[in-house]
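Chemist: this is the structure alone, sequence omitted:
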């Protein structure tokens with residue numbers, strides 16, 4: 001889930017959905033509330049841990065954190081140098097996920113079809129939206145944190161792609177994460193010179209704010225989703241299927257980045273030196289090109305990964 005959340009256009013919630021622990025995730029997060037903290041204060045750690053399904057949440061978020069400092073660092077490199085191949089793998093994963101999630105909804109009717117098209121429309125609108133410019137305002141970063149966790153709680157709605165549209169993907173999921181990694185490395189070596197590095201300290205402040213927003217968003221979204229899953233499960237599933245279908249366009253491998261340029265034709269960069277993306281130019285590949293079939297192999301790899309995940313999820317059920 002941590003790796004999937006890092007890729008723009010991919011939702012970590014899809015992994016949870018296909019692997020069979022999505023509802024457990026939502027209901028566990030929903031229990032992090034005032035009642036839980038009342039149990040912690042009055043009855044102690046063990047009843048609190050049991051009430052919130054702590055064993056499951058600790059395993060899950062340990063995996064996410066480890067991913068951010070291991071698999072995600074590798075993904076950063078792969079996306080930078082082999083973007084089309086990475087997108088192809090995740091396109092295959094989403095395509096396969098759509099197939100499996102479709103059968104989670106046992107009965108289709110006019111109401112579920114309506115909510116499917118609502119979810120699909122939102123996904124397509126997000127696809128054609130243009131990214132905003134980078135913004136390191138603390139309140140805006142807090143808002144980004146709240147929005148970004150939608151990818152973990154809502155399959156098909158990519159939190160990282162929303163961050164890209166908000167202009168803060170590189171700032172919060174690359175630069176800030178790397179700042180935490182380098183800071184931890186310095187602390188292990190008892191090197192405290194980073195406190196004099198204003199750029200590093202600024203990134204750490206942003207990371208802390210983003211994390212606070214993410215925790216807030218997790219609790220908020222999980223409470224809303226747990227309610228609608230209990231009360232309106234068919235239309236909720238239909239909307240999720242629509243989100244996933246819409247996200248296929250977002251992760252389409254055959255695209256070119258169009259950068260913001262000044263009047264002289266020079267690509268503009270943000271404050272950290274990263275080029276500013278204006279929009280993505282999607283195109284239909286040439287089927288006679290050998291590269292098309294090579295990329296297709298990566299799509300098939302993504303399909304196989306999700307098929308194995310689904311098989312594992314069914315066994316666990």
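Modeler: Looks like it arrived, so ask away. Everything quoted here is computed from the prediction, not taken from an experiment. Residues are numbered from 1 along each chain as shown.
Chemist: which helix or which strand is home to residue 257?
Modeler: Using DSSP states H and E, residue 257 falls within strand 255-259.
Chemist: helices and strands around that strand, which ones?
Modeler: Strand 255-259 makes packing contacts with strand 277-282 when contacts are defined by 3 or more Cβ pairs under 8 Å, 6 or more residues apart in numbering; DSSP states H and E. Yep, even glycine has a C-beta here, placed from its N, CA and C like the rest.
Chemist: list the buried residues of stretch 174-185.
Modeler: Buried residues in stretch 174-185, defined by neighbour count with 16 or more other Cβ atoms under 10 Å: 174, 175, 176, 177, 178, 179, 180, 183.
Chemist: now, which of those sits nearest residue 229?
Modeler: Taking Cβ to Cβ as the measure, residue 229 lies nearest residue 177 of the buried residues of stretch 174-185, at 30.7 Å.
Chemist: I'd like to know how far that closest one sits from residue 65.
Modeler: 10 Å (Cβ to Cβ, to the nearest Å).
Chemist: and the residue lying closest to residue 292 once chain neighbours are set aside, which of the three is it?
Modeler: Ranked by Cβ to Cβ, 6 or more residues apart in numbering and with sequence neighbours excluded, the top spatial neighbour of residue 292 is residue 285, at 4.6 Å. The three-state label given to residue 285 by DSSP: H, G, I helix; E, B strand; the rest coil is coil.
Chemist: backbone phi and psi for residue 285, please?
Modeler: phi -70, psi 160 (degrees, to the nearest 10).
Chemist: who touches it in this structure?
Modeler: 254, 291, 292, 295 (Cβ atoms under 8 Å, 6 or more residues apart in numbering).
Chemist: so what pLDDT did it get?
Modeler: Residue 285 is assigned a pLDDT of 88 by the prediction.
Chemist: same thing with residue 114?
Modeler: So, for residue 114, pLDDT stands at 94.
Chemist: part of a helix, is it?
Modeler: Yes - checked against three-state DSSP, residue 114 lies within a helix.
Chemist: flag the shaky bits of this structure, pLDDT-wise.
Modeler: Scanning the chain for pLDDT under 70 picks out 6-11, 18, 68-69, 71-73, 76, 130-133, 150-151, 155-158, 269-279, 312-317.
Chemist: in helices, which of the buried residues of stretch 174-185 appear?
Modeler: 176, 177, 178, 179, 180, 183 (DSSP state H).
Chemist: element containing the residue nearest to the fifth one when sequence neighbours are not counted, please.
Modeler: Residue nearest to residue 180 in three dimensions, not counting chain neighbours: residue 207, with 5.6 Å by Cβ to Cβ, 6+ apart. When elements are assigned from DSSP H and E, residue 207 belongs to helix 198-231.
Chemist: how far does that helix sit from its chain's centre?
Modeler: Distance of helix 198-231 from its chain centroid, counting by Cα atoms, centre = their mean, to the nearest Å, is 12 Å.
Chemist: who's in contact with residue 144?
Modeler: Residue 144 neighbours (Cβ under 8 Å, 6+ apart): 163, 166, 168, 172, 210, 213.
Chemist: buried ones in the helix or strand where it lies, by neighbour count?
Modeler: Here residue 144 sits within helix 138-148, counting by DSSP H and E. Buried residues in helix 138-148, defined by neighbour count with 16+ other Cβ under 10 Å: 140, 141, 142, 143, 144, 145, 146, 147, 148.
Chemist: and the angle from that helix to helix 198-231?
Modeler: 40 degrees (axes from the mean of the first three to the mean of the last three Cα atoms, to 10 degrees).
Chemist: my guess is residue 148 meets residue 216, correct?
Modeler: No - contact between residue 148 and residue 216 fails when scored by Cβ atoms under 8 Å: they sit 11.0 Å apart.
Chemist: and residue 42, which of the three is it?
Modeler: Residue 42 - assigned by three-state DSSP - is helix.
Chemist: what's the neighbour count on it?
Modeler: 9 (other Cβ atoms under 10 Å).
Chemist: try residue 222
Modeler: Count around residue 222 with other Cβ under 10 Å applied: 22.
Chemist: got a list of what it touches?
Modeler: 25, 26, 27, 28, 29, 30, 32, 153.
Chemist: just residue 119 next, same as before
Modeler: Contacts of residue 119 by Cβ under 8 Å, 6+ apart are 156, 238, 239, 240, 241, 242, 243, 245, 246.
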